[in-house]
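Q: sequence and predicted structure are below.
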Amino acid sequence: MIWHLIKVLTAYRPNKLSKKIKQETKGLHDEIESHPFFKSMIDGSLSNECYYVYLFNLLPIYKSVEYFVLGENIVPDLKQSKKINQDIVEYSKICNVRLDANNFFCNEWLAHFNKKSPFLKKTELYIRWLADLYGGQILKKNIKFTNKYEFKDVRKCIKIVRKLIEKDLNDSNVNEFINEVNKSYNFHKNLADKILALKFD
């Protein structure tokens, strides 16, 4: 397991602009990692119901990114919406939760995403796909159904996603990219707040 994680973490050497993005979004990233929802994911105490609702609410953003950013040439291993759907089906068998009554997917998040330029839409790759490829390899130890975090070649997928993010990234637009990453972190954190406030029978 340790060797696998080392391979994942050394899969790609970010350029100086990617390093700048990481440094200047670290505050919100760390805040999310310390959020009770995600701490519960890490230690395995998050309920199946909460994670089920979480997947359901994330699905629209994954579908939108795949459609608008990754397009028809998407590498099958990066087709996250298909994997999420598989997990949702599995959780539906063990969770007595009405998803339509717990649809918190921020209309404002999706509306904001749709207004972005094609370049800035790639911020969601940074927020979601890299999280699945890096942190997801640790999280999946304590999650019941883990299709979302399964990749045939993690190293290859990291390289593809990083190169997509870095394409067209330059000194004149990196700060705008950073601002959008932070906005998406906040949308994500707000979603976690709403789900943690739910009460399940």
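A: Okay, I see it.

Q: what's near enough to touch residue 171?
A: Taking CB atoms under 8 Å, 6 or more residues apart in numbering, we find residue 171 in contact with residue 17. All C-beta spots, glycine's among them, are computed from the backbone N, C-alpha and C.

Q: can you do 7 Å?
A: For residue 171, the contact set (CB atoms under 7 Å, 6 or more residues apart in numbering) is empty.

Q: same check on the one 5 residues further on?
A: With contact set as CB under 7 Å, 6+ apart, residue 176 has these partners: residue 120.

Q: let me know the secondary structure of it.
A: Secondary structure state of residue 176, per DSSP: H, G, I helix; E, B strand; the rest coil, is helix.

Q: tell me the pLDDT at it?
A: As predicted, residue 176 sits at a pLDDT of 97.

Q: not counting sequence-adjacent ones, nearest residue to residue 186?
A: Spatial nearest neighbour of residue 186, chain neighbours left out: residue 28 (6.9 Å); criterion: CB to CB, 6 or more residues apart in numbering.

Q: with residue 69 instead?
A: With sequence-adjacent residues excluded and distances taken as CB to CB, 6+ apart, residue 69 is closest to residue 121, at 5.1 Å.

Q: do I have it right that the one you found meets residue 66?
A: No: applying CB atoms under 7 Å, one finds residue 121 not in contact with residue 66, separated by 11.0 Å.

Q: how about low-confidence regions in the protein?
A: 1-14, 104-106, 201 (pLDDT under 70).

Q: which parts of it are helices?
A: Using DSSP state H, the helices found in the chain span residues 2-9, 16-24, 26-33, 36-43, 48-65, 80-92, 107-115, 123-124, 130-133, 136-139, 154-166, 174-196.

Q: give the buried residues for stretch 82-90.
A: With burial defined by 16 or more other CB atoms under 10 Å, the residues of stretch 82-90 counted as buried are 83, 84, 85, 87, 88, 90.

Q: on that earlier part again, neighbours of the residue nearest to residue 69, how many?
A: The local packing of residue 121 (other CB atoms under 10 Å) involves 18 other residues.

Q: distance of the spatially most central residue of the chain from residue 72?
A: In the chain, the centroid-proximal residue (CA atoms, centre = their mean) is residue 128; its distance is 2.1 Å. Computed with CB to CB, to the nearest Å, the distance linking residue 128 and residue 72 is 20 Å.

Q: cool, and residue 80?
A: Going from residue 80 to residue 72 by CB to CB gives 16 Å.

Q: those two - which one has more neighbours?
A: Remark: of residue 80 and residue 72, residue 80 carries more neighbours, 26 against 6, as counted by other CB under 10 Å.

Q: check contacts around the more buried one.
A: Residue 80 neighbours (CB under 7 Å, 6+ apart): 62, 129, 132, 148.
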